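K.L.:
predicted model, plus sequence, below.
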Amino acid sequence: MRSIALLSPLLFALAVVSQSCTLKALGSGKDDSPQLLTAMQTCSTVVVPVGTTLNISTRLNMTGLSNKHLNLQGTMRFNPNIPYWSGNGFSFPFQTQITFWILGGTNLVVDGGGTLDGAGQAWYDAFASNSSLLRPITLTLFQATNVVVQNIKMLNSPEWFNLVNEGKNVTYSNITINAASTSSHGASNTDGWDVYRSDQVVIKDSVINNGDDCVSFKVHSTNILVSNLNCTGSHGISVGSLGQFAGMFDIVENVTAVNIHMSNAQNGARIKAWAGSGVGSGIVNNITFSNFIESKVDNPVVIDQCYMTSAADCAAFPSNTFIQNVFFTSISGTGTSSTVASLACSPGARCSNITVNNLTLTPSSGTAKYTCQNVVLKGTSAALFGTCATT
C-alpha cells in the first residue's frame, strides 16, 4: 500500500502504482476531501486506517465509479460548517433534501468497521431556531448498482443517515446508527434509511437509535427486504408518506419487513398516505410486516390514509393512494396507550385485502383497543377490531 497524505492530486495520479492506497489525515483542520476523492477515482481499494480521522470539509461527488472498495477502518467526520453546507450540499428536489456525499456507479463496497460522523449537534441546535434550515444527509447512494455497505457505524447525522436514490441491488448489513443530542434540542428527521425510486434493496442485521423513521420506503420503492433490525426511539418501519405532491403517482410494492425489535418508539409497522385537496396519487401493494416485537411503542400497528391532513379535508377529499394486499403478521408487545392498532383508511374502498394475523399487543394499562375504519379485514386477528367504522 502507498500513503498519499503528502501528495498533491497531480503527483498522486502520477505516483500511484498499486491498486490499493492508504490515506493519512492532513491534520490541523485541513480538508481531507480532495485527497479522498482523488484516491477513490484512482485506486481500486482505498484504506482509511484505524486511528485516522479524515476532516471532510467540502462535498464529495463519487458518482460514476466502478469496482471500488472503501475500507473505512477509521473515521470520516463531516465538518459542521453550516453556512458552507447549506449553500453547497448536493441538492435533491424530493422533500427538499441536501447531502454531504453522493456515491454512485457499479460494484461498490464500503466497509471496514469504521465510523461516519455527521457532527450533527451544531445542526440540531441551529434547526431549533430555524426550521427552514436545510440539513445534509450523511450518505446518498445515487444511481448506484450492485453496492454493499456493511460493518460501519454512523453517528449524529444532521438529517437522514442514508438515502438510496435510483439504486438497484443494494445491501446494507451490520450498520450501527446512533443520533443523540447533548442539548435540549432533539435530533429530528434523522431517518435511518429512506429508499426512493430504487429496486432490490436489502437492509439487515443492524441497530438503530434515532429520532425519526427507522426505515422509510418512498416513491417507487420496489422489491425491498428489511430484516433483523433493532430500532429504538424511532418513528417506525414506514411505507410513505406517499401521495403528497399533485401530479405525482407514487408506487411502493413488494416490501417485506421481518424480525424487527421496536422500542420506545412513536410507531411500529406503519403505512402513511396523504389525503386532501391538491395532493397526488399512488398505490401501495404487497406489503408484509412480520414478527415484530414491540416495547413501549405509541402506535404499534398503523395505517393512516389521512396523514398530515385535517379530518374535514379527509372527508371531502379522500386519499388517492390505494393500499392493497397488506399483511400484519405475528406482531406482539406493548403500547403506551389503550389503542394498540389503528387502521384508518379513507372512504371509497381505498384499502383492500388487509390481513391481520396473530396480533398479541397489550396497552400500558387497561384493555387493548383495536380500531379500524373504511376497511374490511381478514385474518385470525380480524375479530379484535370488531366492525370497522364507516366515515
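P.N.:
Okay, I see it.
K.L.:
all contacts plus neighbour counts: C-alpha atoms, from now on.
P.N.:
Will do.
K.L.:
partner strands of whichever strand or helix holds residue 260 and their direction?
P.N.:
Applying DSSP states H and E as the criterion places residue 260 in strand 249-274. Strands that pair with strand 249-274, judged by DSSP bridges, come out as strand 221-232 (parallel), strand 237-242 (parallel), strand 281-307 (parallel).
K.L.:
which residues touch the shortest one?
P.N.:
Which is strand 237-242. 213-219, 250, 252, 257, 267-274, 281-282, 307, 321 (CA atoms under 8 Å, 6 or more residues apart in numbering).
K.L.:
what residues sit buried inside that strand?
P.N.:
Within strand 237-242, the residues scored as buried using 16 or more other CA atoms under 10 Å are 237, 238, 239, 240, 241, 242.
K.L.:
among these, which one lies nearest to residue 20?
P.N.:
residue 237 (38.5 Å; CA to CA).
K.L.:
surely residue 287 is in contact with residue 323?
P.N.:
No. Counting by CA atoms under 8 Å, residue 323 is not a contact partner of residue 287; they are 9.2 Å apart.
K.L.:
who has more neighbours out of those two?
P.N.:
Higher neighbour count among residue 287 and residue 323: residue 323, with 27 against 23, using other CA atoms under 10 Å.
K.L.:
how would you label residue 85: helix, strand or coil?
P.N.:
Assigned by DSSP: H, G, I helix; E, B strand; the rest coil, the conformation of residue 85 is helix.
K.L.:
near it, how many other residues are there?
P.N.:
As a burial measure, residue 85 scores 21 neighbours (other CA under 10 Å).
K.L.:
okay but it is in contact with residue 133, surely?
P.N.:
No. Using CA under 8 Å as the test, residue 85 is too far from residue 133 to be in contact (10.5 Å).
K.L.:
how many neighbours does residue 205 have?
P.N.:
Neighbour number of residue 205 under other CA under 10 Å is 18.
K.L.:
scratch that, residue 134
P.N.:
Per other CA under 10 Å, the neighbour tally for residue 134 reads 21.
K.L.:
distance of the nearest residue to it once chain neighbours are set aside from residue 77?
P.N.:
In this structure, residue 134 finds its nearest non-sequential neighbour in residue 86, 5.9 Å apart by CA to CA, 6 or more residues apart in numbering. Residue 86 is 17 Å from residue 77, where distance means CA to CA, to the nearest Å.
K.L.:
tell me the phi and psi of residue 89?
P.N.:
phi -60, psi 150 (degrees, to the nearest 10).
K.L.:
ok, now how distant is it from residue 324?
P.N.:
For residue 89 relative to residue 324 (CA to CA), the value is 38 Å.
K.L.:
so which residue is dead centre in this structure?
P.N.:
In the chain, the residue lying closest to the centroid (CA atoms, centre = their mean) is residue 193, at 1.5 Å.
K.L.:
could you tell me how many residues sit around residue 83?
P.N.:
8.
K.L.:
against residue 136, how distant is it?
P.N.:
Per CA to CA, residue 83 is found 12 Å from residue 136.
K.L.:
kindly report the same for residue 151.
P.N.:
According to CA to CA, residue 151 and residue 136 sit 22 Å apart.
K.L.:
more neighbours, those two?
P.N.:
A count of neighbours by other CA under 10 Å puts residue 136 above the other of residue 151 and residue 136, at 28 against 20.
K.L.:
who does the residue lying closest to that one once chain neighbours are set aside bridge with?
P.N.:
Among residues not flanking residue 136 along the chain, residue 99 sits closest, at 4.2 Å (CA to CA, 6+ apart). Per DSSP bridges, residues listed as beta-bridge partners of residue 99: residue 90, residue 137.
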